[in-house]
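[1] the amino acid sequence is not available; the structure is as follows:
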């Protein structure tokens, strides 16, 4: 069976409607077997959940409650038990900055797994860092290969992993792109789909240039050059795992899954 790994960015899973849309995307193709999710993004111009958690770490106690309320609203919108006590305890129990910031992804993945009926695999169990806090790609890929042999479908939080002592370590902001690429490489995926709030790679920012056109195909070297020039379609560190594994990346428009998007491949 083919394997497609889907990564859903924060704008995709910002509310219950986004959760339902992401579930529909997964259900539309049985090859979509692993879903990597970010923390919920901004709604109606408000802050992202990760920004709220950052504010909470810096002493804004109200921000922690606002983050918990975001998960409450999503769960209620899906007709699920909001698990408010568990959510608040999970947030309050985080002892380090990295641990607290990672809980946005963890709680989102937990809720999304309940929404679609798939198992949750904690990124702390498969994304490996060394004792100095540096991502260990070989160890991560080895654990993900084992995961693929035992767990045919799973939801995995993006953005974080753990060091040998079990301490949570985060990737750079927007690092869920990296997690998705690692999952694709480690599970031997045929395709890595990165779902975002834009139609794909564009000739210009469509918000600033209405005449911007879709670029239907690009190579990994071209994407690296664009990233070096400041393009923010993908986190630049997510390119290497899939390029080295020979896996194409398909940038897809979350609100219009029927659109062609941009395919990145080759060299």
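    Structure's in. What do you need? Computed from a predicted structure; not experimentally measured. Numbers count the residues shown, from 1 in each chain.

[2] going forward, measure contacts and count neighbours with C-alpha atoms only.
    Noted.

[3] now do the strands in the stretch 101-250 of the chain.
    154-157, 160-162, 168-170, 191-196, 217-219, 249-253 (DSSP state E, counting those that start in this stretch).

[4] would CSV of those with mean neighbour count, distance to residue 11 and mean pLDDT be doable?
    As requested, the strands of the stretch 101-250 of the chain are exported to CSV (neighbours: other Cα atoms under 10 Å; distance: least, Cα to Cα, whole Å; pLDDT from 0 to 100):
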stretch, mean neighbour count, distance to residue 11, mean pLDDT
strand 154-157, 28, 15, 98
strand 160-162, 27, 18, 98
strand 168-170, 25, 20, 98
strand 191-196, 24, 7, 96
strand 217-219, 15, 23, 94
strand 249-253, 24, 11, 95
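
[5] save those as a markdown table, and put in distance to residue 138 too.
    Below are these laid out as a markdown table (distance: least, Cα to Cα, whole Å):
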| stretch | distance to residue 138 |
| --- | --- |
| strand 154-157 | 18 |
| strand 160-162 | 14 |
| strand 168-170 | 17 |
| strand 191-196 | 19 |
| strand 217-219 | 24 |
| strand 249-253 | 21 |
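
[6] in this structure, which ranges drop under the pLDDT threshold?
    1, 230-232, 267 (pLDDT under 70).

[7] please, where are all the helices along it?
    16-27, 49-57, 61-78, 84-93, 97-116, 137-150, 176-186, 220-228, 239-245 (DSSP state H).

[8] give me the contact list for the second one.
    By Cα atoms under 8 Å, 6 or more residues apart in numbering, the list of residues contacting helix 49-57 from outside reads 39-42, 62-64, 66-67, 70, 97, 100-101, 104.

[9] can you check which of the helices of the chain gets nearest to residue 157?
    With Cα to Cα, the closest approach to residue 157 among these belongs to helix 97-116: 5.1 Å.

[10] distance of the closest residue to residue 64 other than its chain neighbours from residue 37?
    The shortest distance from residue 64 to any non-neighbouring residue, by Cα to Cα, 6 or more residues apart in numbering, is to residue 56 (5.4 Å). Look at residue 56 and residue 37: by Cα to Cα, to the nearest Å, they are 22 Å apart.

[11] between these two, which one's more packed in?
    residue 37 (31 against 22; other Cα atoms under 10 Å).

[12] which strand residues bridge the more buried one?
    residue 8, residue 157 (DSSP bridges).

[13] so it touches residue 5, yeah?
    No: using Cα atoms under 8 Å, residue 37 makes no contact with residue 5, being 10.9 Å away.

[14] the residue lying closest to residue 2 once chain neighbours are set aside and residue 107, how far apart?
    In space, and not counting its chain neighbours, residue 2 is closest to residue 31: 5.3 Å by Cα to Cα, 6+ apart. Residue 31 sits 25 Å away from residue 107 when distances are taken as Cα to Cα.

[15] kindly report the same for residue 129.
    Taking Cα to Cα, one finds residue 129 at 21 Å from residue 107.

[16] just checking, residue 26 touches residue 20?
    No: contact criterion Cα under 8 Å: residue 26 and residue 20 do not qualify, at 10.0 Å.

[17] ok, residue 259 to residue 251 distance?
    If you go by Cα to Cα, the gap between residue 259 and residue 251 works out to 10 Å.

[18] need the overlap of contacts for those two.
    residue 199.

[19] neighbours of residue 28, how many?
    Other residues close to residue 28 by other Cα under 10 Å number 10.

[20] ok, which pair from the contacts of helix 49-57 is furthest apart?
    42 and 97 (20.7 Å).

[21] okay, buried residues for stretch 55-68 please.
    Residues of stretch 55-68 classed as buried: 55-57, 63-68 (neighbour count, 16 or more other Cα atoms under 10 Å).

[22] same check on stretch 7-23?
    For stretch 7-23, using 16+ other Cα under 10 Å, the buried residues are 7-16, 18-23.

[23] what does stretch 134-147 give?
    Within stretch 134-147, the residues scored as buried using 16+ other Cα under 10 Å are 135, 139-141, 143-145, 147.

[24] closest to residue 228 among those residues?
    Among these, and counting by Cα to Cα, the member closest to residue 228 is residue 135, at 21.0 Å.

[25] alright, I will stop here.
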